[in-house]
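Chemist: coords please:
(4 chains)
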2 protein chains.
Amino acid sequence: MKDIVKLYPKPSSPCNCMNIRRASRAVTQFYDATLQPSGLTITQMGLLKVIDALSAPSMSDLAAAFRIDRTTLNRNLKPLAEGGYLQLQRGQDARRREAVLTSSGRQALREAQRLWNEAQQTMADYLGKDDLQQLKSILSKLEAMVP
Amino acid sequence: MKDIVKLYPKPSSPCNCMNIRRASRAVTQFYDATLQPSGLTITQMGLLKVIDALSAPSMSDLAAAFRIDRTTLNRNLKPLAEGGYLQLQRGQDARRREAVLTSSGRQALREAQRLWNEAQQTMADYLGKDDLQQLKSILSKLEAMVP
DNA sequence: ACAATAAATGTGTATATACACTTAAAGAAA
DNA sequence: TTTCTTTAAGTGTATATACACATTTATTGT
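Modeler: You can find the predicted model right below:
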C-alpha cells in the first residue's frame, strides 16, 4: 500500500482544515474562471442544476439537496432571482416557497454546463484517474463527519 | 493499486468543485465548533498563528503566507484588530502596515491551539492514517492548480 | 528636483457562509 | 373552536471571499 503514496509538495499548513479550505478556494477560482462567460459562478450553476432536477422544490428541499444551510441558500438564490434565472412562488402550503427555472435560467444553465465540462475534464486530467477517485472517496467521507 | 480504493458513499454531486466545497464546509464547521470556547474561528486561529510565526509581517506578506487574496486578508484581520488580538502599525516604509500580536492575542492563540489539537486528532482518527496522507497529498496538488 | 513608474494598501461592490432569533402558517390537542 | 405546537421561511448580524478600482508612498529615469 505504501507505494501508492505520491510525493506531492507538503501542504503549507499542518492544519487539515486550513488545507482543505485553501484547496477549496483554488478549485473554486478555477471553476469560476472557466464558467465566467456564462455569467454564473459554480455555486449558482449547482443551484440551477438542482432546481432543474427537482420539481418546484421548496427552500428546505433545496437546502437539503444542496447540503447547505437554509439561510445561506436563501441568500444564494437572491441574485439568481433578481437576474431572472428563476422564479420564487408560494406553494399550496402557503408556508412553502418554491423555485422554478425560467427559460433564461435553463439557457444559462446549458451554457454553464458546456463550460463546466471543460473545467471538469481539465481537473480530471490534472489529477489523474487514481487521485481523482481517491479524492471523491475521501471528500465523501469528510462530508459525513458532520450531521 | 486498485485494492486501496475504499468504498465510501458516492459524492452527491458529479462536480468536483461542489464536492470539495461541501467537504470544506463540513470540516470548517467541525473545527469552528471545536474551537468555539476560544472565541476564535479556525481562519482566525490560522491568521494569529502565521502572524506569531513571522516578524511583524506586512499585509502582503501575510496574504502570501496564508495564500489568500490580499483584500480578503485585509477584511479578515479587522475583527481580530477590533477584538484586541493584534495591532496594526505602519512600517519604516510608510506604505507597509504590519501586524503584531498582543498578549491577549497570544493567549487566545494558545487556548485555541489546545482545542485545535483535539479537532486535529479527532479528524485523523476518523479518516485513518492512509486516507489522511492521501488527502494531504491531493489537496496540496490541487492548491498548485492555481498560480 | 521633477516626472513617470512601481509597490503597498485600502474601498466599493458582490457573492458565500452560518448562527440566533423572529414571523407566519399549518396541524394537533383541548 | 380556541389554544398549543410544530414546521417553513425570513432577518439581523457577522465572518469569509475576491475582483475592479482608487490612493498613497517609494523608487527610478531624465
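Chemist: what residue ranges in chain A score low on pLDDT?
Modeler: In the predicted model of chain A, residues A:1-12 satisfy pLDDT under 70.
Chemist: hmm, try it at 50
Modeler: Segments of chain A classed as low confidence (criterion: pLDDT under 50) are A:1-10.
Chemist: and stretch A:32-40, does that touch DNA strand C?
Modeler: No: counting by Cβ under 7 Å from any atom of the strand, DNA strand C has no neighbours in stretch A:32-40; the shortest distance is 8.0 Å. Every residue, glycine included, has its C-beta placed from N, CA and C.
Chemist: Render the CA-only coordinates of that stretch in PDB, please.
Modeler: What follows is stretch A:32-40, C-alpha atoms only, in PDB (Å, rounded to 0.1, in the frame of the first residue of the first chain):
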ATOM      1  CA  ASP A  32     -15.500  30.200 -11.600                       C
ATOM      2  CA  ALA A  33     -13.000  31.500 -14.100                       C
ATOM      3  CA  THR A  34     -13.900  28.800 -16.500                       C
ATOM      4  CA  LEU A  35     -17.600  29.400 -16.100                       C
ATOM      5  CA  GLN A  36     -17.200  33.200 -16.400                       C
ATOM      6  CA  PRO A  37     -18.600  33.500 -19.900                       C
ATOM      7  CA  SER A  38     -21.900  32.000 -18.700                       C
ATOM      8  CA  GLY A  39     -22.300  34.700 -16.100                       C
ATOM      9  CA  LEU A  40     -22.700  32.100 -13.400                       C
END
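Chemist: Can you list the buried residues in that stretch?
Modeler: Buried positions in stretch A:32-40, judged by neighbour count with 16 or more other Cβ atoms under 10 Å in any protein chain shown: A:Asp32, A:Thr34, A:Leu35, A:Ser38, A:Leu40.
Chemist: does that stretch come close to chain B?
Modeler: No: counting by Cβ under 8 Å from any Cβ of the partner chain, chain B is not contacted by stretch A:32-40; separation bottoms out at 8.6 Å.
Chemist: now check the helix of greatest length in chain A, is it near chain B?
Modeler: Longest helix in chain A by number of residues, with DSSP state H as the criterion: helix A:103-127. Yes: between helix A:103-127 and chain B, judged by Cβ under 8 Å from any Cβ, the touching residues are A:Trp116, A:Ala119, A:Gln120, A:Met123, A:Ala124, A:Tyr126, A:Leu127.
Chemist: is that helix anywhere near DNA strand D?
Modeler: No: Helix A:103-127 is not in contact with DNA strand D by Cβ under 7 Å from any atom of the strand; minimum separation 14.5 Å.
Chemist: Would you pull up how far that helix lies from the middle of the chain?
Modeler: Offset of helix A:103-127 from its chain centre (Cα atoms, centre = their mean, to the nearest Å): 12 Å.
Chemist: May I see the buried residues of that helix?
Modeler: For helix A:103-127, burial by neighbour count (16+ other Cβ under 10 Å) applies to A:Gly105, A:Ala108, A:Leu109, A:Glu111, A:Ala112, A:Gln113, A:Leu115, A:Trp116, A:Ala119, A:Gln120, A:Met123, A:Leu127.
Chemist: ok, residues contacting it?
Modeler: A:27, A:30-31, A:34-35, A:37-40, A:42, A:44-45, A:48-49, A:51-52, A:80, A:84-86, A:101, A:132, A:135, B:14-17, B:138, B:141-142, B:145 (Cβ atoms under 8 Å, 6 or more residues apart in numbering or on different chains).
Chemist: Point out the ones among those residues that are inside helices.
Modeler: A:27, A:30-31, A:34-35, A:42, A:44-45, A:48-49, A:51-52, A:80, A:132, A:135, B:16-17, B:138, B:141-142.
Chemist: hang on, A:Ala99 is in a helix, isn't it?
Modeler: No: checked against DSSP: H, G, I helix; E, B strand; the rest coil, A:Ala99 lies outside a helix; its state is strand.
Chemist: thought it was touching A:Ile51?
Modeler: Yes: between A:Ala99 and A:Ile51 a contact is recorded at 5.0 Å, counting by Cβ atoms under 8 Å.
Chemist: Give me the common contacts of the two.
Modeler: Contacts common to A:Ala99 and A:Ile51, judged by Cβ under 8 Å, 6+ apart, are A:Pro57, A:Leu62, A:Leu86.
Chemist: Could you export these to CSV, including columns for distance to B:Ala94?
Modeler: Shown next, in CSV, are the shared contacts of A:Ala99 and A:Ile51 (distance: Cβ to Cβ, whole Å):
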residue, distance to B:Ala94
A:Pro57, 55
A:Leu62, 50
A:Leu86, 50
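Chemist: Just the buried ones among the residues you listed, please.
Modeler: Buried members of the shared contacts of A:Ala99 and A:Ile51, scored by 16+ other Cβ under 10 Å, are A:Pro57, A:Leu62, A:Leu86.
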